[in-house]
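Structure for this input, please:
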Amino acid sequence: MVQSGSTHNQLYDVIVVGAGPVGSALAWKLAADGYRVCVCEEHQTVPQTLRLEELSHHVVNLYRELGIFEKIRPALIPLDSIAHFRNGHLVQASREAPYAARYDQLTESLRPALSKVATLVWDTAVQVSAEGRVKSVRLKSGRVICGWMVVVATGGDGTTGKLLSLPEKPVCPHYSLNFAWDLELEDAERMSHPALVFRSTHTGHGYGYLKLFAHEGSPIRANFLSYWRPEDKRRRALLQDDALAVLNRTVEGLVPYVGPFRITSPIEESVLHLNRPQGAGEAGILLAGDACGQVAPSSGMGLRKGLNDVRVLAQLMPQWERESRSGGETLAAYYTHRAKVALDEEAVARSLRERKVAIDWRPEFATRRLIGDQIPDWLESAVVRPAIEQSLNFVRIYRSGLDN
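Below is the predicted model of the structure:
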């Protein structure tokens, strides 16, 4: 086991379990504010098989507010524009996300700075105990690290429930199947924007988006979010031997716009279940980011939600310090914090809505699928949706008259 700093006979202010983008940002922010921080992380090298993330203006502003933006800047890929396609047609080119970044590079960009201000322990956490005023984290090696507070930021891979023995409330089991791979175009000039997003208005296609990201000196990265079931024959074909044919049939406009291409890496697959751990506050443990409740990549709010948790925790730490680390009951200030609750609820609602927009045939979702985000929600609700429903009622009345 390799570690930075020492954990012997030391009581930390905060122990952070997980050193992904959220855990690393939290540990750096708290350490910069003067708290004694220990970070426990299983992977000393971040796996490179993870997806590429878009960083919205909200996320960039949060990084700046936390004082971290300059540290992650080397990992950022500027996005001059993002071209959006619907049914194979270019509908708009925008700059709603100024940057993109590979998950692994974004995470690793923070670790050098983090190692200078916090203690890093490269080991797997196997149990978190919150009994009494002093909390503890037991590691796979047998070492026990103690502190006044524990924040679990292990992502949404199910580790949280195992560490804390907490039940999870299903929000949307088997939300999506996600795929990622590298590809190469026969004509590189056809990639006219640094990012392309393909969507469909056909519910039968069953996918949320295909995103292509181009960066000089690197392969084009493809992220494909589908709502297929595991038994879907398209999934089997995509993973086995017919990926190009599946993409050509499913993603309208892909080949006409980018031209012929070939897949140059294994296709990685992950399953997303939307769940929320229950009772963490009562157990005396803080959860941050996806560990506190995962949201879909299609919502574009995962990193924003996690960094908002970091901001709220940093704001509340002085209050907890003044209360002399009295125990778990003070954690309610975090779980009921207005900014956290509002963003958490928005993230879940947007995730569920994105799924329905892609695969639900009802008018309220069909309108958004047809027109995208080109009109405000209030205008859709007040004008567009009633007009479509009125037209459908007219058709029903007309058919009823014909039957009679």
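
Could you list the low-pLDDT ranges of the stretch 301-404 of the chain?
Scanning the stretch 301-404 of the chain for pLDDT under 70 picks out the ranges 323-329, 364, 366-396, 398-404.

Going along the chain, name the helices of it.
With DSSP state H, counting those that start in this stretch, the ranges of helices along the stretch 301-404 of the chain come out as 302-322, 332-335, 338-359, 363-371, 377-379, 385-403.

tell me which residues of the third one are tucked away?
Which is helix 338-359. 340, 343-344, 347-348, 350-355, 357-359 (16 or more other CB atoms under 10 Å). (Glycine included, C-beta is placed from N, CA and C.)

Can you name every helix or strand that it contacts?
Where contact means 3 or more CB pairs under 8 Å, 6 or more residues apart in numbering; DSSP states H and E, helix 338-359 is packed against strand 168-185, strand 207-215, strand 268-277, helix 302-322, helix 363-371.

Please name whichever of the ones you listed is nearest to Leu238.
strand 168-185 (6.6 Å; CB to CB).

Report the central residue of the chain.
Gly302 (3.3 Å; CA atoms, centre = their mean).

pretty sure it contacts Ala291?
No - the pair Gly302 and Ala291 fails to qualify as a contact (CB atoms under 8 Å) at a distance of 11.6 Å.

Put together JSON lines for the buried residues of helix 338-359, with distance to Glu231 on each row.
Shown next, in JSON lines, are the buried residues of helix 338-359 (distance: CB to CB, whole Å):
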{"residue": "Lys340", "distance to Glu231": "38"}
{"residue": "Leu343", "distance to Glu231": "35"}
{"residue": "Asp344", "distance to Glu231": "32"}
{"residue": "Ala347", "distance to Glu231": "29"}
{"residue": "Val348", "distance to Glu231": "27"}
{"residue": "Arg350", "distance to Glu231": "28"}
{"residue": "Ser351", "distance to Glu231": "23"}
{"residue": "Leu352", "distance to Glu231": "23"}
{"residue": "Arg353", "distance to Glu231": "26"}
{"residue": "Glu354", "distance to Glu231": "23"}
{"residue": "Arg355", "distance to Glu231": "18"}
{"residue": "Val357", "distance to Glu231": "24"}
{"residue": "Ala358", "distance to Glu231": "19"}
{"residue": "Ile359", "distance to Glu231": "16"}
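
gap between Ser265 and Arg353?
For Ser265, the distance to Arg353 (CB to CB, to the nearest Å) stands at 32 Å.

typo on my end, it should be Asp242
Taken as CB to CB, the span from Asp242 to Arg353 is 32 Å.

Stretch 77-91: which residues count as buried?
Ile77, Leu79, Ile82, Ala83, His84, Phe85, Arg86.

With distance to Gly208 and pLDDT as new columns, can those residues be given to me in JSON lines?
Output for the buried residues of stretch 77-91, formatted as JSON lines (distance: CB to CB, whole Å; pLDDT from 0 to 100):
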{"residue": "Ile77", "distance to Gly208": "22", "pLDDT": "84"}
{"residue": "Leu79", "distance to Gly208": "19", "pLDDT": "82"}
{"residue": "Ile82", "distance to Gly208": "15", "pLDDT": "85"}
{"residue": "Ala83", "distance to Gly208": "17", "pLDDT": "87"}
{"residue": "His84", "distance to Gly208": "13", "pLDDT": "87"}
{"residue": "Phe85", "distance to Gly208": "14", "pLDDT": "88"}
{"residue": "Arg86", "distance to Gly208": "13", "pLDDT": "84"}
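
Looking at those residues, spot the one nearest Leu52.
Using CB to CB, the buried residues of stretch 77-91 come closest to Leu52 at Ile77, 8.1 Å.

quick one: least confident helix or strand in the chain?
strand 3-4 (a mean of 49; mean pLDDT, DSSP states H and E).

Name the next helix or strand downstream of it, please.
strand 11-17 (DSSP states H and E).

List the strands paired with that following strand, with their directions.
strand 37-41 (parallel), strand 144-152 (parallel) (DSSP bridges).

Other residues contacting the helix or strand following the first one?
Going down the chain from strand 37-41, the next helix or strand is strand 52-55, by DSSP H and E. Strand 52-55 has contacts (CB atoms under 8 Å, 6 or more residues apart in numbering) with 63, 76, 79, 97-103, 106, 180, 195, 213, 221, 223, 300, 302-303.

now strand 52-55, how far from the chain's geometric center?
Put simply, strand 52-55 sits 9 Å off its chain's centre (CA atoms, centre = their mean, to the nearest Å).

and it, C-alpha only, in CSV?
These are the backbone C-alpha positions of strand 52-55, laid out as CSV (Å, rounded to 0.1, in the frame of the first residue of the first chain):
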residue,chain,number,x,y,z
LEU,A,52,-15.9,12.0,-21.5
GLU,A,53,-17.8,14.7,-19.6
GLU,A,54,-19.2,18.0,-20.7
LEU,A,55,-18.6,20.9,-18.4
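
That one pairs with which strands, parallel or anti?
Assessed with DSSP bridges, strand 52-55 is paired to strand 99-102 (antiparallel).

which other helices and strands contact the next helix or strand after the strand it pairs with?
Using DSSP H and E, the helix or strand that follows strand 99-102 in sequence is helix 103-108. When contacts are defined as 3+ CB pairs under 8 Å, 6+ apart, helix 103-108 sits against helix 21-32, strand 52-55.

what sits up against the helix or strand following helix 103-108?
Downstream of helix 103-108, the next assigned helix or strand under DSSP H and E is helix 111-117. Residues outside helix 111-117 that contact it (CB under 8 Å, 6+ apart) are Ser4, Ala19, Ser24, Ala27, Trp28, Ala31, Ala32, Val37, Val39, Lys71, Leu120.

do you know how far Arg64 is from Tyr12?
27 Å.

And these two? Which one has more around it.
Tyr12 (22 against 11; other CB atoms under 10 Å).

Quick check: bridge partners of that one?
Under the criterion used (DSSP bridges), Tyr12 bridges to Gly147.

Surely it touches Val137?
No - with contact defined as CB under 8 Å, Tyr12 and Val137 do not form a contacting pair (9.7 Å).

Next, show the common contact partners of the two.
Ile145, Gly147.

If I average pLDDT within each of the helices and strands packed on helix 103-108, which one is lowest?
Note on these: lowest mean pLDDT is at strand 52-55, with a mean of 78.

Contact partners for the closest residue to Ile15 other than its chain neighbours?
Nearest non-adjacent residue to Ile15, counting by CB to CB, 6 or more residues apart in numbering: Gly147, 4.2 Å away. Residues near Gly147 by CB under 8 Å, 6+ apart: Leu11, Tyr12, Asp13, Val14, Ile15, Cys38, Val134, Lys135, Ser136, Val137.

Lovely, talk soon.
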